[in-house]
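1. here is a sequence together with a model predicted from it:
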Amino acid sequence: MKPAAASIIVYIAFFVYLQAMLTSKEIRRKFLDFFASKGHTIVPSAPMVVKNDPTLMFTNAGMNQFKDIFLGNKTTAYNRATDSQKCLRVSGKHNDLEEVGHDTYHHTMFEMLGNWSFGDYFKNEAIDWAWELLTEVYKIDKNILYATVFEGSEEDGTAMDQEAKEAWLRHLPEDHIVLGNKHDNFWEMGDTGPCGPCSEIHIDIRTPEEKAASGISGRDLVNQSDPHVIEIWNLVFMQFQRFADGHLEPLPAKNIDTGMGFERLCAVLQGKNSNYDSDVFTGMLAKIGELSGHRYGESHQTDVAMRVIADHIRAISFSIADGQLPGNVKAGYVIRRILRRAVRYGYTFLGLSEPFLCRLVQQLVDDMGEAYPELPAQQKLIESVIREEELAFLRTLDRGIKLLDDCMESSKDTKVIAGSDAFRLYDTYGFPIDLTELIAAERGYKVDQEGFQKELQQQKDRARNATANSFGDWKVYNEGEDVQFLGYDAVTVEGALLLKSRTVVQKNKEMLQLVFDRTPFYGEMGGEIGDTGTITTADGETIKILNTVKENELTIHIAERMPQNCNGEFTLSVDAPRRQKIANNHSCTHLMHRALREILGTHVEQKGSYVSDKGFRFDFSHFEKLSDEQIAAVEKRVNELIRSNFPLDEKRDATMDEARSLGAMALFGEKYGDSVRVVRFGPSVELCGGCHTSATGNIGLFKIVGESAIAAGVRRIEAVTGEDAENLVLGMQGLLKTARSFFNNVPDLAGAIQKMIDDNATFKKQAEEFAKAKAAELARRLSEMAVEKNGVNLIVLSRSSDTEIDPAMLRNAAFALQKELKNTALVAAYEASGKPQLMLMYSDDLVSAGRHAGKEIGAAAKFIQGGGGGQPGLATAGGKDIAGLGDALDALVATATR
């Protein structure tokens with residue numbers, strides 16, 4: 001056997017061995033176990049849907065959940081962590097949604113394996129452990145690995161990362177170490193904030209034969225977009241802080257943030273050239289093939305469609321499990337767009353014309369439910385929401401195809417579909433441009449791509465401008481990191497120090513942001529709106545706080561202006577009456593949640609809420625509309641709980657195990673910290689960080705004002721409490737009193753109303769019969785007016801006719817004449833309610849002969865400065881110019897008798 005052939009067999013045998021030994025579940029577990037053995041705490045994945053961070057809608061990197069630690073806003077009980085984080089990327093470099101599925105390695109939803117150090121170990125350990133895991137645990141051949149090192153930046157005044165290079169030289173020969181520029185090897189969280197050089201690990205998965213044939217070393221293909229020489233792990237060394245003016249300063253505590261794409265790692269370890277060929281996706285692709293009757297590998301078109309669906313079902317399902325339902329704005333719009341893209345690929349290329357994504361959820365649960373228990377726990381809801389979305393979009397898809405037919409009809413002369421029409425199909429009906437081009441090409445049409453791209457760019461510019469934010473640097477007045485929230489016990493705090501301030505521009509509006517070391521102000525979070533109030537300086541200057549927000553874990557006060565003296569002590573005062581109403585409403589959501597679970601069943605779980613001083617809304621899982629009796633029962637039970645006057649019983653620093661033992665229910669889609677707050681009101685026990693009333697009796701009256709569906713399997717209740725509920729009842733009583741007065745204050749108002757409804761139905765029937773008789777009489781009189789002209793029996797009705805003209809009666813008479821008469825046309829030009837009106841009618845036989853009133857009335861309508869249309873047998877028109885009725889009538893006569 002030749003040496004080259006032998007090496008190829010050994011190479012293939014190595015990957016076959018790995019594939020047989022390591023499944024994706026084992027690969028994930030080995031990663032976590034390895035870093036646990038190095039003193040790392042295994043932390044659960046944060047929700048994929050981000051809350052309390054204005055800069056993100058979705059978790060797009062493993063480090064997102066640790067952002068506050070890196071920013072110095074939060075401390076943690078551990079200084080080493082590891083996890084497998086579910087992420088979602090649909091925009092940015094290499095993450096264009098429309099490209100996913102066309103290659104074999106980009107995804108919307110993906111898992112990021114990572115390990116972190118918070119001021120503990122740094123470059124040497126990070127590099128040594130990465131090498132140990134890859135080569136000793138995963139047993140990757142050392143000779144096919146390469147590492148990149150930051151070469152330095154003259155612009156930033158940073159030198160080459162010599163420390164990282166020396167660490168790599170302990171494991172790799174120098175020709176396997178590649179210097180990279182700022183673009184490839186310097187990681188930044190954003191325009192400002194923690195940043196630092198990074199070191200990427202690349203692997204050359206070409207066979208020896210491929211390497212020999214190309215004559216190019218793996219080193220020369222690093223970061224050159226070669227599909228076989230790819231990055232598998234990025235080690236980020238956070239050692240700088242970037243400021244708004246661009247300059248860098250060293251961080252006092254240096255951190256490690258690493259990220260390794262799970263899907264790509266599985267493909268490498270299982271000897272696959274495509275992520276979709278690893279066992280992460282093979283089960284799902286097989287299920288798609290079973291439903292569609294197509295086989296993966298059958299053709300390029302069907303393969304793309306199957307990859308799109310296999311990828312997108314993960315993003316859709318995890319988002320719903322984390323509480324983000326498809327919608328028309330923000331994160332909901334992103335999920336709906338992903339779902340619709342999957343549906344249209346199945347519809348167009350796999351022939352799937354019935355809901356199918358919902359039938360893939362079980363396979364996803366089988367594949368990933370062990371690692372992510374939220375999937376099996378929420379499976380029924382996920383399937384229901386997806387099914388309803390699919391049904392709605394399939395109807396939209398049919399309308400879009402009809403619209404495309406209209407576009408081709410209107411452009412049959414040029415055979416080019418306008419870019420604006422193609423964009424409308426894309427934006428409103430979810431048609432990707434390649435689908436529009438495909439359908440158009442089948443009929444010999446082209447699409448104005450330049451016009452489409454122009455419209456698309458304008459939309460992107462509008463979206464970018466709408467969300468454009470500008471953050472100034474924090475100006476520090478006093479040192480401090482953790483902000484102490486005292487609002488559970490007080491609405492006024494004295495002696496607070498201003499830590500820092502900055503100016504932020506959002507949506508072209510400038511805001512002043514202040515951070516204090518202690519505060520009673522609650523920052524908007526968990527559906528509860530933020531506090532308002534005042535701050536007062538030691539000099540007596542009082543400034544309004546317009547809102548309070550939570551940015552990650554930092555409580556930020558939005559002030560109307562900057563204080564003149566920022567260095568003294570401040571008195572912070574919350575608007576106490578407003579806070580009390582908010583607290584009452586928030587506590588009432590807990591009571592209602594309890595009542596819903598008692599009355600509807602324990603399948604009810606909170607899916608969202610909004611709590612203000614005016615009332616609240618509460619979203620929950622339930623699969624049918626609440627009956628009037630159920631709504632009444634919920635109201636009755638909540639008011640019983642209120643009258644019981646249960647005191648607030650809270651445990652602020654409970655562990656999750658303690659919270660569960662107390663009966664508290666954790667909500668999917670929420671990220672809980674090392675300690676949690678348990679809030680109990682009698683039988684209601686929940687995990688909650690919001691503001692609550694001291695006893696349920698403070699809430700007063702509770703009234704539901706609305707119940708509706710917001711998605712498949714998710715209902716919404718809107719309600720008010722206290723004074724607002726009393727005012728609602730008083731208003732209803734006043735309305736009832738007014739209604740009774742209309743019936744001479746009869747005791748039985750409902751009976752009187754029913755009698756009026758019955759009488760009205762009788763009178764309406766009599767009126768309809770009278771109108772029918774009048775129309776028949778009018779039709780008889782009109783038929784007698786017919787005169788023959790140019791071979792057509794013509795009936796002419798004008799404003800000067802003796803016949804009284806009522807538009808509705810005339811229309812009914814015309815319908816009757818259509819059926820009764822032969823070879824007859826009716827033309828009418830008259831005035832009704834001060835406006836000129838036209839009518840053109842053809843009998844059925846003339847319609848069969850090719851006449852079309854709807855198309856022919858338009859020319860006459862121009863004489864009255866109007867327009868109209870209708871069916872082939874009957875059309876009407878209206879206008880503005882009564883003086884033009886004579887000419888319009890002449891035009892109608894000429895049209896009808898031509």
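-> Thanks, I have the structure now.
2. show me the shaky parts of the stretch 751-898 of the chain.
-> Residue ranges of the stretch 751-898 of the chain with pLDDT under 70: 800-804.
3. the chain too?
-> The chain contains residues with pLDDT under 70 at 1-21, 52, 54-55, 91-96, 463-469, 481, 507-508, 668-671, 800-804.
4. change it to 50
-> 1-19, 93-94 (pLDDT under 50).
5. spatially central residue in it, please.
-> Among the residues of the chain, the one closest to the centroid is Gly332, at 1.7 Å (CA atoms, centre = their mean).
6. that residue and Gly323 touch, don't they?
-> No. Between Gly332 and Gly323 there is no contact under CB atoms under 8 Å: 10.7 Å. C-beta: built from backbone N, CA, C; applies to glycine.
7. returning to that earlier point: how near is the residue nearest to the centre of the chain to Glu389?
-> Distance, Gly332 to Glu389, by CB to CB, to the nearest Å: 11 Å.
8. anything in contact with each of these two?
-> Shared contacts of Gly332 and Glu389 (CB atoms under 8 Å, 6 or more residues apart in numbering): Pro326.
9. how far away is Glu541 from Leu497?
-> 16 Å.
10. what about those two, which has more around it?
-> Between Glu541 and Leu497, Leu497 has the larger neighbour count (other CB atoms under 10 Å), namely 17 against 14.
11. what strand or helix carries Ala147?
-> Assigned by DSSP states H and E, Ala147 belongs to strand 145-150.
12. measure Asp674 to His593 for me?
-> Asp674 is 25 Å from His593, by CB to CB.
13. those two: who's more crowded?
-> Each of Asp674 and His593 has its neighbours counted (other CB under 10 Å); His593 has more, 20 against 13.
14. by contact count, what packs against whichever strand or helix holds the more buried one?
-> Using DSSP H and E, His593 sits in helix 576-600. If you count contacts as 3 or more CB pairs under 8 Å, 6 or more residues apart in numbering; DSSP states H and E, helix 576-600 packs onto strand 606-611, strand 616-621, helix 628-643, strand 676-681, strand 684-687, strand 702-711, strand 714-721.
15. and the fourth one, how far out from the chain middle?
-> Taking the mean of its C-alpha atoms, strand 676-681 sits 30 Å from the chain's own mean (CA atoms, centre = their mean, to the nearest Å).
16. and stretch 391-403, by the same measure?
-> On CA atoms, centre = their mean, the centre of stretch 391-403 falls 21 Å from that of its chain.
17. likewise for stretch 594-612?
-> Its chain's average C-alpha position is 22 Å from that of stretch 594-612, according to CA atoms, centre = their mean.
18. likewise stretch 244-255?
-> On the basis of CA atoms, centre = their mean, stretch 244-255 sits 34 Å off its chain's mean C-alpha point.
19. show me which residues of it are buried.
-> 248, 251, 254-255 (16 or more other CB atoms under 10 Å).
20. please apply the same query to stretch 697-716.
-> By neighbour count with 16+ other CB under 10 Å, stretch 697-716 contains the buried residues 698-704, 707, 711-716.
21. am I right that Ser84 is in a strand?
-> Yes. Assessed with DSSP: H, G, I helix; E, B strand; the rest coil, Ser84 lies in a strand.
22. what is the burial count for it?
-> The number of residues packed near Ser84 is 22, by other CB under 10 Å.
23. still on that earlier bit, which residues touch the residue nearest to the centre of the chain?
-> Gly332 makes contact with 324-326, according to CB under 8 Å, 6+ apart.
24. quick one: what helix or strand has it in it?
-> If you go by DSSP H and E, Gly332 is part of helix 330-349.
25. name the residues of that helix that are buried.
-> Buried residues in helix 330-349, counted by 16+ other CB under 10 Å: 331-332, 334-336, 338-349.
26. show the backbone phi and psi for the closest residue to Ala46 other than its chain neighbours.
-> Distances taken as CB to CB, 6 or more residues apart in numbering put Gln65 closest to Ala46, at 3.7 Å, once the chain neighbours are dropped. Dihedral angles of Gln65 (phi, psi; degrees, to the nearest 10) stand at phi -70, psi -10.
27. circling back to that earlier point, please render the contacts of Gly332 as CSV that adds neighbour count, distance to His692 and secondary structure to the earlier fields.
-> Output for the contacts of Gly332, formatted as CSV (neighbours: other CB atoms under 10 Å; distance: CB to CB, whole Å; DSSP: H, G, I helix; E, B strand; the rest coil):
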residue, neighbour count, distance to His692, secondary structure
Gln324, 26, 26, coil
Leu325, 21, 27, coil
Pro326, 25, 32, coil
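28. export the residues you listed to JSON lines and tack on distance to Gln241?
-> Formatted as JSON lines, the contacts of Gly332 follow (distance: CB to CB, whole Å):
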{"residue": "Gln324", "distance to Gln241": "32"}
{"residue": "Leu325", "distance to Gln241": "38"}
{"residue": "Pro326", "distance to Gln241": "39"}
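29. for those, which one is nearest Leu728?
-> Leu325 (28.4 Å; CB to CB).
30. for this protein, longest helix please?
-> Counting residues, the longest helix found in the chain (DSSP state H) is helix 749-784.
31. so which elements touch it?
-> helix 722-741, strand 792-798, helix 807-820.
32. out of these, which is the most enclosed?
-> Neighbour counts (mean count of other CB atoms under 10 Å) averaged over each of these peak at strand 792-798, with a mean of 20.
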